[in-house]
Structures are given as C-alpha cells and as structure tokens.
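Engineer: Let's see this in three dimensions:
(one chain, ligands or ions: 1)
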Amino acid sequence: MTDQKKVLVLCRIPEDVVARLDRDYDATFNQENVPHDAAQIIAAALGQDALVTTSTNKMTAEVIAGLSDSVRIIANFSVGYEHIDIDAARARGLIVTNTPDVLTEATADTAMLHLLGAARRATEGAALIREGGWVGSVLDFNLGVDLANKKLGVLGMGRIGQALAHRAAAFGMEVHYHNRNRLDAAREAYAGNAVYHTDSDSLLEISQFLSIHSPLTPETHHFLNAERIAKMPDGAIVVNTSRGDVVDDEALIAALKSGKLRGAGLDVFSAEPNINPGYHDLKNVFMLPHIGSATVETRNAMGFCAVDNLDAYFAGKPPLTAVT
Ligand code: 8YV
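Structural biologist: Purely as a prediction, here's the structure:
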C-alpha cells in the first residue's frame, strides 16, 4: 500500500515483530544482520520515514547529519542508547525512542545469575564436570561464598537495579545503593529495604558484592577503576550487566588476579564482542555474552515496544518512550 510509512530496520529482529511491521508498514528488514557503516546507513535511509536500530548500529552525529530529511523517528530496540548521538538527534528534531520497562525482569534475572555464578564458582565447576575432571566429592571442593547475610551494593538504582535488589533481598542479602536521587519510601521497600548512600565511595566501602546498573555516560565511563576497587572490601565480588565501559577492564583483571576481588560476573564488556583477552583464562570470572534481556518473551516485548512507538508517532500522538 502506497500510504504506508517506510521503515528501515537495521538489525535482525524477532519474527513476530517482523510480521507486525510487515503488516502495518512498508518495511525493509536486515534479517541477515549485515553490519552497516556510516555511509551505508545514510544510503539505506534515503526516503525512509523511520529507522529501527539497536546498539550495534552506531548513530553518530555524522550519520544523523547525513540522514535523509524524510527520517523523523528512530525507534531503538534496546533500553541503552549510548550508541545514538542524542544531542545531534535533538538538534535536527529527530525523535528517538527506547525500550525501557519490558526488559527489567529479564535483565535483573541475569544479574542474579551473575551474582550466583560468581559466588558459587560456576565457571570452574562447569568446566571441570565437562572435561571429566570431577573425581568425587571432597568437602573442601569448589567452595564458594554465601549470598545470604552479605552486603550488596547496587550502583544505579533505576528499574533494573530495583528489580535486582528485590531479588537479592529474597536471597537474604542486605541491600545498599547509590543513585543520583534517593528512591521514595515505597521503592526502597520494594528494593529490599535498601539503604541509601549519598556518595558512591561509602557504597563501595561496604559492598561485599557490587552490582552495576548505571547507564554509560561520560561521568560513568571507567567508573570502577583501580582506585575505587581498592576501596572495596577484600574478597568482594563485582557484577556488571549494564555497559562494559563502566568498568576499567585492566583494573578489574588486575584485582581478580591479585585476589583483591574474589570474583566477577560479567554480562557486558568494552568493545563487545572483542573482549579483553585478560578475561579468557580467569577462572574466577563468570561470563555470559550480553544476554541480559535475551529471552523470547522479552525480545518480543522490546520489539513491540519499538513498533508501539512508531504507531503512536505516525498516529500523531506522543511516542510512548521517547528519549528526545
Ligand atoms: C540488548 C541492552 O540486548 O537494551 C539494552 O540496552 O543492553 C540489551 O537489552 C543489547 O543492547 C543488544 O542490542
């Protein structure tokens, strides 16, 4: 139909979301997930009304400046949008939307998995049993540490941080947090009666476990560096399900090697998928390849959220989850 809006999808998306876009839009897909450089995005976007992107599609100021005037909205298929130059988008009146809320529970589950995986030395145990090295139970074999009765510091108490805190409290952890703003009483109660720390140092000093939920911004880039790790209790465990660049890899690797930190659970990495090779041989790191929101239900919900934003915008209504 000629009156359908033209939507260019730059990344592979779930088939149910393809079907809906195909029904309601004149959509072009990239189900082969072919990478697009700046010039290719600009060329492909010619004459399009909307783009659907994700974190692998780098929407720099150069790309945004080069986009065809026909493009009015970028419906981003992820909650994080550090790959989009929001100032450049705002400057040319381009709407950008993201997919908050729908991935909160799945990502908090993944953070919990990393807390447990690191605490219980899952990397070592899983490798041993696969390699046939399990020779029977010895009482001091593969000992981890309990979560119960430990202090968990949550850095960044947004939706995902709160959902993780809620879960951790059910595991018997004592929850502390640092955030730009203190939560209201009801949210603190939901987040395991979390204790607020006005400054991050005081959170680090008590965090036997630290779970990072901050977005990547110039202020949070390499937040967890050698100096801050030194403030943490000896033998602490660090979990990161937010963005790899919030952590200084070299500092984390050094602390994991020296034993300053007992372990880490990492879902996200700088320069994904080309992770720092220093992690490869570290048995005390439980690593997963950025699967925070990777469930069937959640990926569909994220896609539908992106399409809901397009529907609202093209119906002349405010987009539901705009970031510009
Ligand atoms: C995505 C995420 O899987 O939404 C986010 O910000 O980190 C994940 O849910 C990732 O961005 C893939 O593009």
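Engineer: Tell me how far the closest residue to F171 other than its chain neighbours lies from the ligand.
Structural biologist: Nearest residue to F171 in three dimensions, chain neighbours excluded: L147, at 4.7 Å (C-beta to C-beta, 6 or more residues apart in numbering). In this view, the C-beta of every residue, glycine as well, is placed from N, C-alpha and C. When C-beta to the nearest ligand atom, to the nearest Å is applied, the distance between L147 and the ligand equals 24 Å.
Engineer: What residue, apart from its backbone neighbours, is nearest the residue of the stretch 201-324 of the chain at minimum distance from the ligand spatially?
Structural biologist: Residue nearest to the ligand within the stretch 201-324 of the chain (C-beta to the nearest ligand atom): S293, separated by 3.3 Å. Among residues not flanking S293 along the chain, L103 sits closest, at 3.8 Å (C-beta to C-beta, 6+ apart).
Engineer: And for S200?
Structural biologist: Closest residue to S200 apart from its sequence neighbours, by C-beta to C-beta, 6+ apart: H178 at 4.7 Å.
Engineer: ok, that neighbour touching L203?
Structural biologist: Yes. Using C-beta atoms under 8 Å, H178 is in contact with L203, at 4.2 Å.
Engineer: Identify the contacts common to the two.
Structural biologist: 153, 155, 197 (C-beta atoms under 8 Å, 6 or more residues apart in numbering).
Engineer: Could I get those residues in JSON lines, plus columns for distance to G125?
Structural biologist: Below are the shared contacts of H178 and L203 laid out as JSON lines (distance: C-beta to C-beta, whole Å):
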{"residue": "G153", "distance to G125": "26"}
{"residue": "L155", "distance to G125": "28"}
{"residue": "H197", "distance to G125": "33"}
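Engineer: what would the residues you listed look like in a markdown table with secondary structure and distance to Q31?
Structural biologist: Written out in a markdown table, the entries for the shared contacts of H178 and L203 read as follows (DSSP: H, G, I helix; E, B strand; the rest coil; distance: C-beta to C-beta, whole Å):
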| residue | secondary structure | distance to Q31 |
| --- | --- | --- |
| G153 | strand | 41 |
| L155 | strand | 37 |
| H197 | coil | 46 |
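Engineer: If we only consider these, which is nearest to the ligand?
Structural biologist: Using C-beta to the nearest ligand atom, the shared contacts of H178 and L203 come closest to the ligand at L155, 16.3 Å.
Engineer: Many thanks, have a good one.
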